[in-house]
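> how does the following fold in three dimensions:
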Amino acid sequence: MNYNLMKKNEVKPAVKGFNMSKTIKSILVILFVLTGISVQAQMTEEAKIEYLINSVNNVPEGSKFIRNGSKHSTAAAVDHLKTKYKRGKKYAKTAVDFIENLASKSSISGKAYYIEFPDGKTITAKEFFTNNLRKLEGK
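A predicted model of the protein is given here:
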């Protein structure tokens, strides 16, 4: 870009209306957005699993986590999943492994886990966690 010298150590852009400050800010915003996308893509599997466990806290108030036929609060479900993950990390190397091996069913009875929403709709925990993982990964 051509600059015309105005005073000693002061420059003026040759293009009228050009604002260097706004241009730099725009570039920084673009870099910030791209960095955010990059960070999400580089999220560790353990961080994804923690996200999935904590996603149970984001269901509508009054939702229940059904495990072995008994209804539990979402807070109890989060505690249970944290303990299960802590004890069974070797079965959950990836977020998909976590869903398949730990978060979807009882390791003792083999019965599926469910989430019951206040409106009565019930979905499997596998569906719930798979949907949340897809959202996290932008799929």
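> show me the contacts for the residue most central in space within the chain.
Computing the C-alpha centroid of the chain and ranking residues by C-alpha atoms, centre = their mean puts residue 136 first, at 4.2 Å. Taking C-beta atoms under 8 Å, 6 or more residues apart in numbering as the contact definition, residue 136 lies against 40, 43, 48, 51-52. Just so you know, the C-beta spots here come from the backbone N, C-alpha and C atoms, and that holds for glycine as well.
> and for residue 93?
For residue 93, counting by C-beta under 8 Å, 6+ apart, the contacting residues are residue 45.
> for residue 119, identify the helix or strand it belongs to.
Assigned by DSSP states H and E, residue 119 belongs to neither a helix nor a strand.
> before we move on, what about the one 10 residues further on?
Secondary structure assignment for residue 129, by DSSP H and E: helix 125-136.
> same question, residue 115
When secondary structure is defined using DSSP H and E, the element that contains residue 115 is strand 114-116.
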